[in-house]
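Peer 1: Just the structure for this:
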Amino acid sequence: MSGSGSVDEVVGEAQGQRGQVRTALAAELNGITNMSQTYRLSMPRTWAEDLPATVKRSTTPRHTSITEGRVDFMRARTVAPSTSAGLRARTREEHEAVEASLDMGQLRTSAGLAAALRGWQTVWGEVSVGVLEPGAAAEATAELLIPAAQALDWLAADLSDLAPPEGEVPMRCAAPSDARVLRRFLAHPAASWGLAYALRGSRLGGGVLAPLVRGALELPGDCGTRFLASHGTDPGREWVSFRRRLDAADLSEPEVAAAVEAARWTFRWVGAALAATSGRTALAGQASR
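Peer 2: Residues are numbered from 1 along each chain as shown. The predicted structure is shown next:
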């Protein structure tokens with residue numbers, strides 16, 4: 001019986017220790033829960049300055065997110081800007097320079113409009129040749145072949161409408177680009193996206209200019225403005241579709257950098273072409289950078 005009593009005493013002692021551990025754990029968990037609730041209810045929006053150092057270290061961006069002053073663990077979602085949005089932000093300066101280079105006074109005369117269209121004819125003519133070269137990337141051909149063909153058709157019709165009277169000397173034409181740079185970009189898949197971004201996006205601006213030019217020159221229908229109006233197409237819808245394809249390409253950061261470089265160069269090239277046709281040289285030479 002004494003042996004049995006010893007066993008009972010040992011079991012009883014073990015059970016007592018187990019109960020103490022459970023009580024301690026429950027108290028610890030209760031304290032953690034109360035602390036969490038306190039932070040959820042009272043944490044200010046400027047939370048980072050008021051959190052204890054230990055909590056700051058534990059709430060890394062990878063595992064936490066801040067919503068309405070709360071710390072929501074294991075719910076972080078890092079949303080990176082889309083490729084198209086990044087391109088827009090990183091080419092804003094060049095884009096605005098092209099817009100600033102537009103001479104609205106020039107576009108309000110038939111001869112001036114024709115000169116600007118010849119500048120665009122130079123740009124799209126070189127692109128149409130480049131995308132068909134053996135070394136052109138598939139992305140370049142897919143995104144620029146049809147737009148180039150459309151642009152050249154519209155430009156030929158517009159220039160026919162705006163042909164100068166017999167004996168009148170037409171205004172100067174734009175100088176060609178550095179063909180080596182253009183071919184290099186067209187041969188690079190990611191850079192091709194940058195070229196397409198700048199050139200396809202220009203159609204949106206043309207849609208804004210077309211009615212202004214028609215009104216100033218009293219042109220019927222799309223006469224002389226087929227190119228600016230992207231005749232028979234929906235440039236807004238096409239632009240949305242293009243941006244979706246660009247974002248779906250999931251370019252790496254080095255590839256995005258290549259696209260940005262190509263887009264910046266294209267904006268400078270277009271600006272130089274438009275400046276040259278109006279006799280201005282503010283942007284001339286910049287396209288070779």
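
Peer 1: low pLDDT regions in the protein?
Peer 2: 1-80, 164-177, 278-289 (pLDDT under 70).

Peer 1: Which residue, other than its chain neighbours, is closest to residue 231?
Peer 2: Spatial nearest neighbour of residue 231, excluding adjacent residues (Cβ to Cβ, 6 or more residues apart in numbering): residue 222 at 5.1 Å. (Each C-beta comes from the backbone N, C-alpha and C, glycine too.)

Peer 1: Now do the SS call for the one you found.
Peer 2: coil (DSSP: H, G, I helix; E, B strand; the rest coil).

Peer 1: Hmm, it is touching residue 230, no?
Peer 2: No - between residue 222 and residue 230 there is no contact under Cβ atoms under 8 Å: 9.7 Å.

Peer 1: of those two, who's got more company?
Peer 2: Using other Cβ atoms under 10 Å, the more surrounded residue of residue 222 and residue 230 is residue 230, with 23 against 19.

Peer 1: Skip the chain neighbours and tell me the closest residue to that one.
Peer 2: Residue 230 sits nearest to residue 203 (Cβ to Cβ, 6+ apart), 4.9 Å away.

Peer 1: The one you found is in what secondary structure piece?
Peer 2: Using DSSP states H and E, residue 203 sits in helix 189-217.

Peer 1: Next, the buried residues of the strand or helix carrying residue 276.
Peer 2: Applying DSSP H and E as the criterion places residue 276 in helix 253-277. Neighbour-count burial for helix 253-277, with 16 or more other Cβ atoms under 10 Å as criterion, is recorded at 255-277.

Peer 1: What separation is there between the residue nearest to residue 116 when sequence neighbours are not counted and residue 183?
Peer 2: Nearest residue to residue 116, sequence neighbours excluded (Cβ to Cβ, 6+ apart): residue 277, at 5.5 Å. For residue 277, the distance to residue 183 equals 24 Å [Cβ to Cβ, to the nearest Å].

Peer 1: show me the contacts for the residue nearest to residue 231.
Peer 2: By Cβ atoms under 8 Å, 6 or more residues apart in numbering, the residues touching residue 222 are 210, 214, 229, 231.

Peer 1: check contacts around the residue nearest to residue 230.
Peer 2: By Cβ under 8 Å, 6+ apart, the neighbours of residue 203 are 147, 230, 235, 238, 239.
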